[in-house]
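Participant: Structure for the following, please:
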Amino acid sequence: MLTRCGRDLHYRYASRAYAEMIGRTPDEIAGKPIIEIMGKEGFQTILPQVETVLKGQTVEYEAAVDFSGVRPLQLHVIYVPDRNEQGQVIGWIASILDITERKRAEENLRQSEERYRMLFEQMNEGFFLAEIICDK
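Facilitator: Model (predicted):
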């Protein structure tokens, strides 16, 4: 998913995939202030990274981001400065990947591993696991 934003903190472009992720159309996003589309809480989450990219540095991060009217999303984001012909930073281009399901699966696996670890650590009797392999 891609977006292009200006130094004035307005969207210049939003891909269809990005728009669909937040329940909008690209036309509903383009030209609007980021804070209006994301909401105040979501905007505050990304603001430190936005300030960094506007200084001319590429930024890569993962964060839980709350979009106004949408469930919180776990995102992997890369911001690259957008420069004019004179090399001045005029905004940034964002590449965004929704990793919500991956993070949920990782957390479920971590909890499952924790349960089994606790089970074996608290076991008072021996445990034996065997696998029978038959050649046919």
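
Participant: can you give me the helices for this structure?
Facilitator: Using DSSP state H, the helices found in the chain span residues 16-21, 26-29, 34-38, 40-53, 100-122.

Participant: Okay, buried residues for the longest one please.
Facilitator: Applying a neighbour-count criterion of 16 or more other Cβ atoms under 10 Å, one finds 100, 103 buried in helix 100-122. (Glycine included, C-beta is placed from N, CA and C.)

Participant: Next: the first one.
Facilitator: Taking 16+ other Cβ under 10 Å as the neighbour-count basis, helix 16-21 is seen to contain the buried residues 18-19, 21.

Participant: of the residues you listed, closest to Pro72?
Facilitator: Using Cβ to Cβ, Met21 comes nearest to Pro72 of these, at 12.3 Å.

Participant: Spatially, which residue comes closest to that closest one, not counting chain neighbours?
Facilitator: Distances taken as Cβ to Cβ, 6 or more residues apart in numbering place Asp98 nearest to Met21, at 5.9 Å, with adjacent residues excluded.

Participant: which stretches of this protein have low pLDDT?
Facilitator: By pLDDT under 70, the low-scoring segments of the chain are 126-128, 136.

Participant: so how far is Thr100 from the residue nearest in space to the middle of it?
Facilitator: By Cα atoms, centre = their mean, the chain has its centre lying nearest to Leu75, at 0.4 Å. Distance of Leu75 to Thr100, given as Cβ to Cβ, to the nearest Å: 8 Å.

Participant: what do you get for Ala63?
Facilitator: The gap separating Ala63 from Thr100 is 12 Å, by Cβ to Cβ.

Participant: what's the overlap in contacts for these two?
Facilitator: 74-75 (Cβ atoms under 8 Å, 6 or more residues apart in numbering).

Participant: just to revisit the earlier point, identify, from the buried residues of helix 16-21, the entry nearest to Ile29.
Facilitator: Ala19 (5.7 Å).

Participant: Once you drop chain neighbours, what's closest to the closest one?
Facilitator: Nearest non-adjacent residue to Ala19 (Cβ to Cβ, 6+ apart): Pro26, at 4.7 Å.
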